[in-house]
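A.B. asks: Model the structure of this input:
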Amino acid sequence: MTRFVTRRTTLAALAAGVAAAGLPASAAAQAKHGSSPAAAPETTWVLPTDQAALEGDPEADAVIDQLVRADQMTVANQVFHVWTRNDQPVPAAAPPVLRDFLQRNVVLSVEEQAAVDRVAHGETIKLLQSNMEALTVTEAFGGLFAALADPLLAKSVWYAKYDLVMDIGRRFSRTMNTLWDMTGHNGWDPSGNAPVTLVKLRLVHAAARHMGLAHGWDRVRNGMPISQRLEVEELMYVGAYNVQLAAKYGFHPTRRQIDELMTMVRVGGRLLGIEDKYNPQTIEQANQVLTDAAANHRASSDEGIKLAHNMLDWMDRKIFPGAGAIGASMVRMMDTHVADVLEIRTNPPLDASIATLAPYLYRPAYEVQQKFPLLAQTHAQMFKIASQMVAWYAVDFRDYDLQMPTG
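C.D. replies: Here you go, the predicted structure:
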């Protein structure tokens, strides 16, 4: 479903749709995809609650419905496999409804392009690029497990009936790769793939929504699977939530860095299909989403508990025996309420050790950036390579490919 399909989800932003690392697609690339959409008028923000829980993504949902009815989902996934760069035209093999959707939605507006360009030369992106290992950890053990503590987010993953259910580590890997797409040095350049990845992810979510509704999702009781409320909540788990977690490690971004982050989050949210009225504009609005989620939408569920423990078991299998216990302590260190909701047991000696090391999670890369600026770029590349090696070790690199669930 979300962030971890991511997501090669949703990652997450920072996240699945979160950061800008270079210049937007060139004019030539835009000509291939379609004309740039006009800037939207300023919208009054609305906290996504009950009404947003009933809303999906009508434009993306209509595309999936047509592809399913025409038995073209396999062809659509083949298009996803080969369409990977911002300057690459949508493959000719794409069914017309898919080609039209991708061409229209992958192009940034003039306003978004200007925002991406500003952020690409700002302070936040430098911090993200030099701190990928910390972001990987906070994304995996903060955002992922916090999302599973929302029963409807957990059910949305479960009802997708995809390989992400029993091997949720693949979701983790896809999310990490999406995060690198967003925050790499050229993700928004013509040779990069940030907008392409996010627009494809939007349709992955729509396909998972279709699967949920086709496999017994109770829409009257639960609203829409992967609803607008859930999309926003998950995006915040890989955006503003990481700002809150960073404070626990003794790192406090400046207001400029936070504002740049929210600019990135908004661009990512639009590409993911979040309605403008629900897409947070400020960190204060983002924190309102997180506060509402923790107060009103966090509870134990069979799906959330199973998925959380599948993730910890996956760590034991794919990384090394005992890695799951370390992961469990990481979750408890970041949010004891989330750990309790997901029935992650305490392990006092290990919990204490992890909590002691936590303040250093952000420090090494950040201190290199501040104290040894000439080494920052080398340091950033070193950790990016290391993080990618971890993902390749955990899940075969072929799982980097974003594919839509088909049945």
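A.B. asks: The residue nearest to L54 when sequence neighbours are not counted and Y278: what is the separation?
C.D. replies: Leaving aside its sequence neighbours, L54 sits nearest to G223 (C-beta to C-beta, 6 or more residues apart in numbering; 5.1 Å). No exception for glycine: its C-beta is placed from N, CA and C like everyone else's. In this view, G223 and Y278 are 14 Å apart by C-beta to C-beta, to the nearest Å.
A.B. asks: Which one's more surrounded, those two?
C.D. replies: Legend: neighbour count by other C-beta atoms under 10 Å for G223 and Y278, higher for Y278 (23 against 20).
A.B. asks: for the helix of greatest length in the chain, packing partners?
C.D. replies: Looking across the chain with DSSP state H, the single longest helix is helix 194-214. Applying 3 or more C-beta pairs under 8 Å, 6 or more residues apart in numbering; DSSP states H and E, one finds that helix 194-214 makes contact with helix 58-69, helix 73-82, helix 96-105, helix 151-159, helix 169-183, helix 255-271.
A.B. asks: most packed of those?
C.D. replies: helix 169-183 (a mean of 29; mean count of other C-beta atoms under 10 Å).
A.B. asks: circling back: from what I can see the residue nearest to L54 touches L152, true?
C.D. replies: Yes. Here G223 reaches L152: they are 7.1 Å apart, a contact under C-beta atoms under 8 Å.
A.B. asks: between those two, what contacts are shared?
C.D. replies: Both G223 and L152 are in contact with A53, where contact means C-beta atoms under 8 Å, 6 or more residues apart in numbering.
A.B. asks: circling back to that earlier point, out of the helices and strands packed on helix 194-214, which gets the lowest mean score?
C.D. replies: When the helices and strands packed on helix 194-214 are compared by mean pLDDT, helix 169-183 comes last with a mean of 67.
A.B. asks: could you give the angle of whatever helix or strand R229 lives in to helix 194-214?
C.D. replies: According to DSSP states H and E, R229 maps onto helix 228-237. Per axes from the mean of the first three to the mean of the last three C-alpha atoms, to 10 degrees, the angle that helix 228-237 makes with helix 194-214 is 140 degrees.
A.B. asks: now for helix 228-237, which elements pack on it?
C.D. replies: helix 145-148, helix 151-159, helix 255-271, helix 283-296.
A.B. asks: Can I get the second one in CSV, CA atoms only?
C.D. replies: The reference is to helix 151-159. C-alpha atoms of helix 151-159 as CSV (Å, rounded to 0.1, in the frame of the first residue of the first chain):
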residue,chain,number,x,y,z
PRO,A,151,-5.8,-0.1,12.2
LEU,A,152,-7.0,1.2,8.9
LEU,A,153,-3.5,1.8,7.5
ALA,A,154,-2.6,-1.8,8.6
LYS,A,155,-5.8,-3.2,7.1
SER,A,156,-5.2,-1.3,3.8
VAL,A,157,-1.8,-3.1,3.5
TRP,A,158,-3.4,-6.5,4.5
TYR,A,159,-6.3,-6.3,2.1
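A.B. asks: for it, packing partners?
C.D. replies: Here helix 151-159 touches helix 145-148, helix 194-214, helix 228-237, helix 302-318, going by 3+ C-beta pairs under 8 Å, 6+ apart.
A.B. asks: To T291, which of these lies closest?
C.D. replies: Closest to T291 of the helices and strands packed on helix 151-159 is helix 228-237 (C-beta to C-beta; 10.2 Å).
A.B. asks: quick one on the thing from earlier: overlap in contacts, G223 and Y278.
C.D. replies: R229.
A.B. asks: Would you mind giving the orientation angle of the strand or helix carrying A247 with respect to helix 283-296?
C.D. replies: Using DSSP H and E, A247 maps to helix 240-248. For helix 240-248 against helix 283-296, the angle between stretch directions is 90 degrees (the same axes, to 10 degrees).
A.B. asks: and helix 240-248, average pLDDT?
C.D. replies: 78.
A.B. asks: Equivalent analysis for stretch 209-227, please.
C.D. replies: Mean pLDDT, computed over stretch 209-227, is 89.
A.B. asks: Return the set of buried residues in it.
C.D. replies: Buried positions in stretch 209-227, judged by neighbour count with 16 or more other C-beta atoms under 10 Å: R209, H210, M211, G212, L213, W217, N222, G223, M224, P225, I226, S227.
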